[in-house]
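*Asks:* attaching a predicted model along with its sequence, questions to come.
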Amino acid sequence: MTNLLWPGDQRAADFMTDQALVAAMVAVESAWLDALAVAGLAPAECAGVDLQPLVGPRDCEGLAVASEDGGNPAGALVALLRERAAPAAGRWIHRGLTSQDVVDTGLSLATRAAVDHLITLLAEQVSTLSTLVAAHRNTPMVARTLTQHAVPTTFGAKAAGWLNGVADAYQQLAALVTPVQIGGAAGTLAATTELATLRGAAGNPAEISARLAQTTATTLGLDARMPWHTTRTPVTSAADALVGCTDAWGQIGSDVVTLVRPEIAELSEPATAKRGGSSTMPGKRNPLLSILIRRAAIAAPPLAATLHTAASLANDERPDGAWHAEWDTLRTLVRRTVIAGSQCSELLGGLEVHSAQMAKNLTDADVRGEQQAIADLVEKAPSSTYFGAVDLLIDETLDRARRILTDTS
């Protein structure tokens, strides 16, 4: 995909594209058909049938147009699969499912792929930031509060703050549950329970229905869960975890765009031949990676808010509009998060730290006010330094990062 008005969209590759979403929904149909056959509810020839070859990239546009008639793409997709599948399997495709099962589970599957990618990305950032913190734990600089000089700190301490934010995002995303949604027409698994009853399947028909959903989850690599139809926590939880990422990266981008200002000049973004150039001012280099990261951090929370609003308005057993508002909102949030993550990794990997300028700015700043006030309080001369517990804070941050990296190895 490309998006002229969201520079860098190509960094999201195929995550959540129309083709990826169609493939995810077909995977749901394939896994469900196989589960029916293995359970003896569908003919044996339905087992192991791969439906993916039945749908190609050229079908996406037709499915998109046809989906308006059904309000979602599942109905048109099912019709296409049944038309192209062998007759013995075709009549059993989608039996016991509803459109919401296919759309929700397909989105869950596509989201899972992006989440796994982001978890790897965040782990790499934890490693990169750990190196940056260790290298600059003793690099003095001026701390700024409310835009003004405050007290001495070190760049290692500032980068440790970045590291803790990224670690928070990593842990929130790593704990995210992405479940299947399989409940049938109204979340009661009525069709498969009836099918198991009429087939005379051995065992409790309701339990057989529940096992079908669990089997499908295992096949797809998703978490098993009872039907969640209008309980939209899986969607809002994903949104919150994604915004946690953009929050952490946005903080980094915000610090960088401040510290690269010519009058501060303590950092520089990675230099490339073309990036950051002005259309009218030769020699000007704008901190575009940080700017684009901040853009994502600004835009992500409203997308998550839309998903929370939709969740709160999810009425009956399938919402009339609130559900529909989720799909492209989630897709946009996922893609923009992946883009921002890629840009932040590039930023951190090539960030230039100007230690001499940091030291000069600290020397030129008036940052002894609080220290002198403490000394006057106890009627003692001030200490030779005023870096507080920076070393302890850095050590604890690096220990936390090591635990994360150990868990991922």
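*Replies:* All right, it came through fine.
*Asks:* could you use CA atoms for every contact and neighbour count after this?
*Replies:* OK.
*Asks:* what's the pLDDT at the nearest residue to Thr309 once chain neighbours are set aside?
*Replies:* Nearest residue to Thr309 in three dimensions, chain neighbours excluded: Ala322, at 7.9 Å (C-alpha to C-alpha, 6 or more residues apart in numbering). In this model, Ala322 is scored at 97, pLDDT.
*Asks:* secondary structure class for Thr153?
*Replies:* Following DSSP: H, G, I helix; E, B strand; the rest coil, the label given to Thr153 is strand.
*Asks:* could you verify my assumption that it touches Asp391?
*Replies:* No - contact between Thr153 and Asp391 fails when scored by C-alpha atoms under 8 Å: they sit 10.5 Å apart.
*Asks:* hang on, isn't the residue nearest to Thr309 packed against Ala310?
*Replies:* Yes - Ala322 lies in contact with Ala310 (C-alpha under 8 Å); the separation is 4.5 Å.
*Asks:* ok, Ala134 - contacts?
*Replies:* By C-alpha atoms under 8 Å, 6 or more residues apart in numbering, Ala134 lies in contact with Gly156.
*Asks:* and the gap between it and Asp69?
*Replies:* 58 Å (C-alpha to C-alpha, to the nearest Å).
*Asks:* and what of Met226?
*Replies:* Distance, Met226 to Asp69, using C-alpha to C-alpha: 29 Å.
*Asks:* look at the two and report which has more neighbours.
*Replies:* Taking neighbours as other C-alpha atoms under 10 Å, Met226 and Asp69 compare with Met226 leading, 16 against 11.
*Asks:* for that one, give me phi and psi.
*Replies:* phi -70, psi 160 (degrees, to the nearest 10).
*Asks:* what do you get for Ala314?
*Replies:* phi -80, psi 90.
*Asks:* go on, Leu377?
*Replies:* phi -60, psi -40.
*Asks:* what do you get for Thr139?
*Replies:* Here Thr139 shows phi and psi, under degrees, to the nearest 10, equal to phi -80, psi 110.
*Asks:* may I ask you to confirm that it is in contact with Ala356?
*Replies:* No - using C-alpha under 8 Å, Thr139 and Ala356 do not qualify as a contacting pair, with a distance of 9.0 Å.
*Asks:* more neighbours, the two?
*Replies:* Thr139 (18 against 13).
*Asks:* how close does that one sit to Ile252?
*Replies:* Taking C-alpha to C-alpha, one finds Thr139 at 18 Å from Ile252.
*Asks:* can you check Asp320 too?
*Replies:* In terms of C-alpha to C-alpha, Asp320 sits 40 Å off from Ile252.
*Asks:* these two - which one has more neighbours?
*Replies:* When Asp320 and Ile252 are compared for neighbours, Ile252 comes out ahead with 24 against 12, by other C-alpha under 10 Å.
*Asks:* and the more buried one, helix, strand or coil?
*Replies:* When classified by three-state DSSP, Ile252 comes out as helix.
*Asks:* helix or strand: which one has the closest residue to it other than its chain neighbours?
*Replies:* Setting aside the residues directly before and after it, Ile252 is nearest to Trp162 in space (C-alpha to C-alpha, 6+ apart), at 6.1 Å. Per DSSP states H and E, Trp162 falls inside helix 155-174.
*Asks:* helices or strands up against that helix?
*Replies:* Secondary-structure packing of helix 155-174 (3 or more C-alpha pairs under 8 Å, 6 or more residues apart in numbering; DSSP states H and E): helix 99-135, helix 233-259, helix 390-408.
*Asks:* and those as a markdown table, adding distance to Val180?
*Replies:* Shown next, in a markdown table, are the helices and strands packed on helix 155-174 (distance: least, C-alpha to C-alpha, whole Å):
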| stretch | distance to Val180 |
| --- | --- |
| helix 99-135 | 5 |
| helix 233-259 | 10 |
| helix 390-408 | 25 |
